[in-house]
Structure formats: C-alpha cells, structure tokens
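Trainee: Kindly return the folded structure for what I paste below:
(2 chains)
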Protein chains: 2
Amino acid sequence: MQAKIYIKLKHGLLDVQGKTVKGGLDSLGFGNVHEVRVGKYIEIDLDHTDAAAAKADVEKMCEKLLSNPVIEDYRIDIEATATQS
Amino acid sequence: MQAKIYIKLKHGLLDVQGKTVKGGLDSLGFGNVHEVRVGKYIEIDLDHTDAAAAKADVEKMCEKLLSNPVIEDYRIDIEATATQS
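Mentor: From the prediction side, this is the model:
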C-alpha cells in the first residue's frame, strides 16, 4: 500500500511562504495569480494489506509526527501498489 | 481555476528529509513503513478561464520558480473552482 498525504495550513491562517511565492510569481510577470498556498506532500510505502488499517495508522502518524494538528489540515489517500506483496 | 501542484524529488535521488521522517516513525513504533518521500504541495488560485492556458502557465511557473527541474519532478492538476468568475 502507498499513502499519499497532503498537508496544508488551516483556512484563515496567514501562509507566509505562499505570500512570498506569490510575490515571486508577480515579479516574474505571472499577473493572473490570486493566491498561493504552500504545503507538504508525503508519500509513504506501507506493509499493510488492508486499506482501512493503513489509513488508521497513517492518521496516527499525521497526528503524532507528520502534521501540526493545531494549525494544519491533512488529507490521506491510500492506494494499492503494484509491487505490494 | 485552481492549480494543484505536487513536487517531489526525482526517482533515485536520496531523500534525506524522507529518511529522517522514516526514522521518526520507526522510533514512534510504526514498524510497517518501508519508505517515506517528502515533497511540496502547492495550491494556486488563477484568473484563467481556459484550463489548457492555465496548465501552460503553471508549467512555466514550475520551471522558473516553484520546482528545481534538475532534481525534482512535478505534477499539475487544474480544477475549475466554484468561485471562479
């Protein structure tokens, strides 16, 4: 199984990194950009054979280590991988 | 339009951050983890009304600012947003 995790700041919080990237895009001439938000994208290869158990474990990983639940939201996609035994 | 951009290190390159996260997960008792890769997830709100033009522009943004094309791969998803005028 492979877990894909998307982590971004909660809605309403100031995304300083995103503002900086937007400024960079503006100065490069990309004037069509409204807003930029920058987050993390994490791929984890897991031994699990059961998708529900994998998702439960990855949720624990997000709460304990991968995200800061106070200020960040995360989304988890679990996919079967071709190489999974 | 909203662009979602997923950036990760090219295959075969050592992902030091991923290795560090894997070590952290191991020490927290998550023994089922094979490999962790850490990348970036960027959301951009765009004024474009044409998805193909939006994707072309976002590809330029990735090449010029958002990613390091020497060591990173990126994937772009373009989605219509409900708030699009």
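
Trainee: Where does pLDDT dip in chain A?
Mentor: A:82-85 (pLDDT under 70).

Trainee: how about the helices in it?
Mentor: A:16-27, A:51-61 (DSSP state H).

Trainee: Could you identify which of the ones you listed is most buried?
Mentor: Ranked by mean neighbour count under mean count of other CB atoms under 10 Å in any protein chain shown, the helices of chain A are led by helix A:51-61, which reaches a mean of 17. Quick note: C-beta positions are derived from backbone N, CA and C, even for glycine.

Trainee: So which elements touch it?
Mentor: Identification of packing neighbours for helix A:51-61 by 3 or more CB pairs under 8 Å, 6 or more residues apart in numbering or on different chains; DSSP states H and E yields strand A:2-9, strand A:33-46, strand A:72-79.

Trainee: closest one to chain B among the ones you listed?
Mentor: strand A:33-46 (3.9 Å; CB to the nearest CB).

Trainee: Give me the contact status of that closest one with chain B.
Mentor: Yes. Using CB under 8 Å from any CB of the partner chain, strand A:33-46 reaches chain B at A:33-46.

Trainee: just the residues of chain A that are near chain B, which are they?
Mentor: Where chain A comes near chain B, counting by CB under 8 Å from any CB, the residues are A:6-8, A:18, A:21, A:24-25, A:28, A:30, A:32-48, A:57, A:60-61, A:64-66.

Trainee: Is there a quick PyMOL command that grabs whichever of the residues you listed are buried?
Mentor: Buried members of the residues of chain A next to chain B, defined by 16 or more other CB atoms under 10 Å in any protein chain shown, are picked up in PyMOL with:
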select buried, chain A and resi 6+7+8+18+21+24+25+30+33+36+37+38+39+40+41+42+43+44+45+46+48+57+61+66
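
Trainee: The spatially closest residue to residue A:58 that is not a sequence neighbour: neighbour count?
Mentor: Spatially, and ignoring its direct neighbours in sequence, residue A:58 is nearest to residue A:3 (4.5 Å; CB to CB, 6 or more residues apart in numbering or on different chains). The local packing of residue A:3 (other CB atoms under 10 Å in any protein chain shown) involves 25 other residues.

Trainee: Might one say that residue A:3 is in contact with residue A:51?
Mentor: No. At 9.6 Å, residue A:3 does not count as touching residue A:51 under the criterion of CB atoms under 8 Å.
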